[in-house]
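**Student:** Pasted the sequence and its predicted model underneath.
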Amino acid sequence: MRIGIAGTGRMGTAMGRRLLGLGHTVTVWNRTPHKCSALAESGAKVAATPADVTRASDVILTVLTDAAAMEAVYQGPAGLLAGEPAGRLFVEMSTALSQSKRALADAVRTAGAAFVDCPVGGTVGPATEGTLLGLAGGNENDIARAKPVLDQLCRRVEHVGPVGAGAAVKLAMNLTSLVYWQAFGEALALCRPLGLEPARLMELFAESSGAPRIFQRRAHDIAATLAGRDILPVKFDIDSVRKDLRTMIEEAQMIGCRVPVAERALQCFDEASRDGFGGKDCATLPAIWWRRGGKKDPRGRK
């Protein structure tokens, strides 16, 4: 199959490698051209513009930073919709407002193409392995058309409603995992004066009812950060966490509700970014709070 990818950051690159490994013809584009290098070395074709990605592909996946990037990449002078889009299928996989996905779907359909809103749960590892969770919004025919590609990237693809529903469910699911990093950091701060080894603490928390799947996957990384080591390669950085939390808060405001836990978590992560941690992996967040925690031993021991 001829597949295009616009946006070759960490996730777009991982998806591209997966699809190349399965024998697809993959054409890629990124605003920063050097970010296409890894996929080019693996056999992908590099397009000069998003419009060229459309011309070279039957299905186009977009994995972009935010709504502004989506609008520019789709509707700019040399955007995806300038490249003979009629009859093609666009699968928008960015984490963004549901309203932004609906507006983009209207533009794509006006151009004679099909549109599916399908953000995914998971990071680089699951993307490489084809075990993401796809949250698809759109009509049944378009999603059925996208399934052959999505099934090769995802362990499960769930049709959750019309365009925009995928975006809303993704934001909701991410909210719980992102605020968890702050909650866990505060929990660790309570333990810091006890002098327990980080690996031992991870084992104890893993046995508790407060250990979600994200903890089980990242416990080793968290222990490494508590011991002062960086997580490399970075899977999902703190500044990306901040962007997603801002989007969640805006989505909540649009439907007339508040998310005060997310609001407070964002303030904490903003503080971490100001202190120079914005480019660090999100699993570093508990260690940041741990280091800022109390040092006084409640048993009076020095």
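**Tutor:** Sure, I can see it. Residues are numbered from 1 along each chain as shown.
**Student:** From here on, just use CA atoms for contacts and neighbour counts.
**Tutor:** OK.
**Student:** Would you check that Gly12 makes contact with Ile5?
**Tutor:** Yes: using Cα atoms under 8 Å, Gly12 is in contact with Ile5, at 6.9 Å.
**Student:** Could you tell me which residues touch both of those two?
**Tutor:** Thr62, Val63 (Cα atoms under 8 Å, 6 or more residues apart in numbering).
**Student:** Contacts only, for the residue nearest to Cys268 when sequence neighbours are not counted.
**Tutor:** Leaving out its chain neighbours, the residue that sits closest to Cys268 by Cα to Cα, 6 or more residues apart in numbering is Gln182, at 7.7 Å. Contacts for Gln182 (Cα under 8 Å, 6+ apart) come out as Ala265, Cys268, Leu285, Pro286, Trp289.
**Student:** Surely the third one is in a helix?
**Tutor:** Yes: using DSSP: H, G, I helix; E, B strand; the rest coil, the secondary structure at Leu285 is a helix.
**Student:** Do you know the pLDDT at it?
**Tutor:** pLDDT for Leu285: 89.
**Student:** Can you name the residues that contact it?
**Tutor:** Contacts of Leu285 by Cα under 8 Å, 6+ apart are Trp181, Gln182, Gly185, Ile238, Phe269, Ala272.
**Student:** what about the second one, which helix or strand?
**Tutor:** By that I understand Gln182. helix 165-191 (DSSP states H and E).
**Student:** Now the element after that helix, going C-ward?
**Tutor:** Counting by DSSP H and E, what follows helix 165-191 is helix 198-206.
**Student:** Tell me the pLDDT of the residue nearest to Cys268.
**Tutor:** On pLDDT, Gln182 comes in at 90.
**Student:** And Arg299, by the same measure?
**Tutor:** At Arg299, pLDDT is 46.
**Student:** One more: Ala206?
**Tutor:** Reported pLDDT for Ala206: 89.
**Student:** check contacts around it.
**Tutor:** Phe215, Gln216.
**Student:** And it, how close does it get to Leu175?
**Tutor:** For Ala206, the distance to Leu175 (Cα to Cα, to the nearest Å) stands at 21 Å.
**Student:** now do Ile288
**Tutor:** Where Leu175 is concerned, Ile288 sits at a distance of 20 Å (Cα to Cα).
**Student:** re earlier: from the contacts of Leu285, pick the one nearest Thr62.
**Tutor:** For those, the minimum distance to Thr62 (Cα to Cα) is 21.8 Å, reached by Ile238.
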